[in-house]
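Trainee: Here is my input, please return the structure:
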Amino acid sequence: MKFRVLFLCATNGAQSPMAEALLATMDSEHFEAFSAGIERGEMHPLAVEVMKEIDIDLQDRPTRSVDDVQHLPFDVVITLCEGARFLGSKFARAEVLHWRFDDPLLVSDRLKQKRMFHVLRDQITQRIRFFTLVYARSAA
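Mentor: All right, here's what the predicted structure looks like:
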């Protein structure tokens, strides 16, 4: 049985699709990954760019809102921004975790923003590595 994990952020255009793709790439044997946003936004070009650097393609990935996935059962819901924290309660049967990251969209300088997207990608990767170790072991 796979753990069903939902990543939530504001627009499903940066943090949550990055996390979904990273979890799916790292451990699809134990986890089924999904992502959504408070609103269905657009994929941020820098999210696509930094993920492409590690051979993960987000280019044509459709974005989803929480309404698109609310009917699905999840074991774990991970919120990735302050705005999405309250959404965890919509998934009563799921364990809800909050991972806080700096928001690269709050920076206006393009070069700094790109660096922040790299940092975000790497931080999410580290958290997911730890998360998969803990949850895969608990299932064994």
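Trainee: list the buried ones in the helix or strand that contains residue 19?
Mentor: Using DSSP states H and E, residue 19 falls within helix 15-26. Applying a neighbour-count criterion of 16 or more other Cβ atoms under 10 Å, the buried positions in helix 15-26 are 15, 16, 17, 18, 19, 20, 21, 22, 23, 24, 26. C-betas here are computed from N, CA, C, even on glycine.
Trainee: ok, so of the residues you listed, who is nearest residue 108?
Mentor: Residue 108 has its nearest neighbour among the buried residues of helix 15-26 in residue 15, at 18.5 Å by Cβ to Cβ.
Trainee: quick one: that closest one and residue 118, what's the gap?
Mentor: Separation of residue 15 from residue 118 (Cβ to Cβ, to the nearest Å) stands at 13 Å.
Trainee: For residue 13, list the residues it contacts.
Mentor: 37, 41, 42, 43, 44, 47, 63 (Cβ atoms under 8 Å, 6 or more residues apart in numbering).
Trainee: Filter those down to the ones in helices?
Mentor: Among the contacts of residue 13, the ones falling in helices (DSSP state H) are residue 47.
Trainee: Can you say which two of the contacts of residue 13 are spatially most distant?
Mentor: It's 37 and 47 that sit farthest apart of the contacts of residue 13, by Cβ to Cβ, at 12.3 Å.
Trainee: thinking again about what came up before, please enumerate residues in contact with the helix holding residue 19?
Mentor: By Cβ under 8 Å, 6+ apart, the list of residues contacting helix 15-26 reads 5, 7-9, 31, 33-37, 43, 47, 50-51, 56, 58, 61, 63, 78, 80-81, 101, 120-121, 124-125, 128-129, 131-132.
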